[in-house]
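Q: With the sequence up front, the predicted model follows.
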Amino acid sequence: MSLQTEEIYRTLLLYSADAVIVTDCAGTITTTNPSFAKLVGAAVDELIGTSLANLVVADWEHSEEKTITSNNGTNADEDAESTGDTQAVTILSRTGSELIMPAARFPLFNQKSGKPDGHLTIIYVIQANSLQQAQTEFVSTVSHELRTPLTSIKGFADTILRAGDRLDSSQQRRYVGIIKDQADRLTRLVEDLLAVSRLESKKLQLTIRALDLKEAIERVQQNLADKAKKHTVILQIPPGLTPVWADADRLEQILTNLIDNAIKYSQAGTTVTITAKGIQDTPEMVEFSVCDQGVGIPEEHLPQVFSKFGRLDNPLVRQTEGTGLGLYITRSLVLALGGQITVESVPGSTTFTVKLPAATPEQQAARGRG
Ligand code: ADP
């Protein structure tokens, strides 16, 4: 190794925010950096010569075994994704606290003999910190979202209990009505949070079949008929449209979220147009779009609508019920089905377009035979 390369490695090790540890074949630390020393609450010099297993609890053998299994061809993709080279390890600091962080271990070989010479372990501190931050923000937003309806439920229940007979029956009905609306809001929020958790933990079970898009759109249109009483809903679907490969419940959920939003975020008396068609350039996909004549989304806020709790501030949003999780869930479902979702908006018109894999007659026949 040239002197300059050595200098580069030394600087990288010294200033890396991630913790780096080199151990010999017995698991004794031979080299480490200040980032690891800070994690465990010791000086670098104190750590040299000590056993890494006393500071980092990991299940390397198990994870390496799995990597070998996946190389043998069983469930290769799934294994690679669920274990990867990274695993969660527990760091035992000298102050007695425990930290869980992602880490990876790489075997080292003697340059001359080619024999195993120990391991290089990296603990991904930056990644762990940003995950931790995202989790803290999520918990704080969820708590806030839960507290709002709970405060209202508690307040009105207290009033009914305290004022009792002094409230006339119409007041009582109004207060109980508010309690029910807020309980419904809580239920929706919990259901959306469970959907998010299922999506993020990759526990989503999909039953993919060839589905008629027109039938699915008409079913959702019927389910939402009550909400759409003050709107005109137009369907533009050509006859003989190629079906899509999708899961029936998830497709319904995607359509429901988009059509419900189009109604919610546009004034009474306006039109919502649902169009479906094949795509000339990409015959392997079918697209549908939901277009409204509503408040629109400012261009700079377009990416925000797909993020968790991404509610924009405008009068119609303030008037309507929503968790801000609908489009996050919708986009995750579209991606899980192998599709794409895009949005275009100008004041007075918003269009969400979804592309899903087409179930061509040849593919369906092939599946039928398979
Ligand atoms: P929710 O409707 O529960 O607030 P969503 O995730 O479905 O949550 O939507 C996120 C935000 O995106 C909404 O709060 C609203 O500000 C904006 N939005 C969604 N659809 C539309 C639309 N069709 N027109 C205008 N704004 C929309």
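A: The structure has been received and is ready for your questions.
Q: Quick check: residues of the stretch 151-300 of the chain near the ligand?
A: Contact residues, the stretch 151-300 of the chain versus the ligand (CB under 6 Å from any ligand atom): 257, 261, 262, 265, 292, 294, 295, 296, 297. Yep, even glycine has a C-beta here, placed from its N, CA and C like the rest.
Q: What about these, which are in strands?
A: The subset of those located in strands under the criterion DSSP state E comprises residue 292.
Q: Check the residues of the stretch 151-300 of the chain next to the ligand for the minimum pLDDT and say which it is.
A: When these are sorted by pLDDT, the bottom entry is residue 295 at 90.
Q: Checking residue 289 next. Helix, strand or coil?
A: At residue 289 the chain is in strand, as set by DSSP: H, G, I helix; E, B strand; the rest coil.
Q: quick one: contacts for it?
A: By CB atoms under 8 Å, 6 or more residues apart in numbering, the contact set of residue 289 is 274, 275, 276, 351, 352, 353, 354.
Q: would JSON lines of the residues you listed with distance to residue 153 be doable?
A: As requested, the contacts of residue 289 are exported to JSON lines (distance: CB to CB, whole Å):
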{"residue": "274", "distance to residue 153": "36"}
{"residue": "275", "distance to residue 153": "41"}
{"residue": "276", "distance to residue 153": "41"}
{"residue": "351", "distance to residue 153": "37"}
{"residue": "352", "distance to residue 153": "33"}
{"residue": "353", "distance to residue 153": "39"}
{"residue": "354", "distance to residue 153": "36"}
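Q: thinking again about what came up before, out of the residues of the stretch 151-300 of the chain next to the ligand, which are buried?
A: 257, 261, 262, 265, 292, 294, 295, 296, 297 (16 or more other CB atoms under 10 Å).
Q: can I get the residues you listed in CSV with distance to residue 237?
A: Below are those laid out as CSV (distance: CB to CB, whole Å):
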residue, distance to residue 237
257, 19
261, 20
262, 16
265, 23
292, 17
294, 22
295, 26
296, 25
297, 25
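Q: Which pair in those residues has the greatest spatial separation?
A: Based on CB to CB, the longest span within those runs between 257 and 296 and measures 18.0 Å.
Q: follow-up on the earlier one: go through the buried ones among the residues of the stretch 151-300 of the chain next to the ligand and flag which are in helices.
A: 257, 261, 262 (DSSP state H).
Q: quick one: the second one and residue 150, what's the gap?
A: Distance of residue 261 to residue 150, given as CB to CB, to the nearest Å: 25 Å.
Q: dump the residue contacts of residue 340.
A: By CB under 8 Å, 6+ apart, the contact list for residue 340 reads 334, 354, 355.
Q: Figure out the helix or strand that the last one lives in.
A: In the assignment (DSSP states H and E), residue 355 maps to strand 349-357.
Q: Can you get me a residue count around residue 160?
A: Neighbours of residue 160 under the rule other CB atoms under 10 Å: 15.
Q: sorry, back to before: dump the contacts of residue 340 to JSON lines, plus neighbour count and pLDDT.
A: Listed next are these as JSON lines, based on neighbours: other CB atoms under 10 Å; pLDDT from 0 to 100:
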{"residue": "334", "neighbour count": "22", "pLDDT": "96"}
{"residue": "354", "neighbour count": "25", "pLDDT": "98"}
{"residue": "355", "neighbour count": "20", "pLDDT": "97"}
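Q: can I get the residues you listed in CSV with distance to residue 105?
A: What follows is those, written out as CSV (distance: CB to CB, whole Å):
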residue, distance to residue 105
334, 37
354, 42
355, 41
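Q: Can you find the residue of the stretch 1-150 of the chain that comes nearest to the ligand?
A: At 10.5 Å from the ligand, residue 145 is the closest residue in the stretch 1-150 of the chain, using CB to the nearest ligand atom.
Q: before we move on, could you check phi and psi at that residue?
A: When read as degrees, to the nearest 10, the backbone of residue 145 gives phi -60, psi -30.
Q: Could you check how far it is from residue 245?
A: Remark: distance between residue 145 and residue 245 (CB to CB) = 35 Å.
Q: where do the strands sit along this structure?
A: Assigned by DSSP E, the chain shows strands spanning 19-23, 29-32, 56-57, 86-92, 98-109, 116-123, 208-211, 232-236, 244-247, 271-278, 285-292, 340-346, 349-357.
Q: Just put those in JSON lines and tack on distance to residue 219.
A: Listed next are the strands of the chain as JSON lines, based on distance: least, CB to CB, whole Å:
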{"stretch": "strand 19-23", "distance to residue 219": "54"}
{"stretch": "strand 29-32", "distance to residue 219": "61"}
{"stretch": "strand 56-57", "distance to residue 219": "52"}
{"stretch": "strand 86-92", "distance to residue 219": "43"}
{"stretch": "strand 98-109", "distance to residue 219": "43"}
{"stretch": "strand 116-123", "distance to residue 219": "51"}
{"stretch": "strand 208-211", "distance to residue 219": "11"}
{"stretch": "strand 232-236", "distance to residue 219": "12"}
{"stretch": "strand 244-247", "distance to residue 219": "13"}
{"stretch": "strand 271-278", "distance to residue 219": "12"}
{"stretch": "strand 285-292", "distance to residue 219": "14"}
{"stretch": "strand 340-346", "distance to residue 219": "20"}
{"stretch": "strand 349-357", "distance to residue 219": "16"}
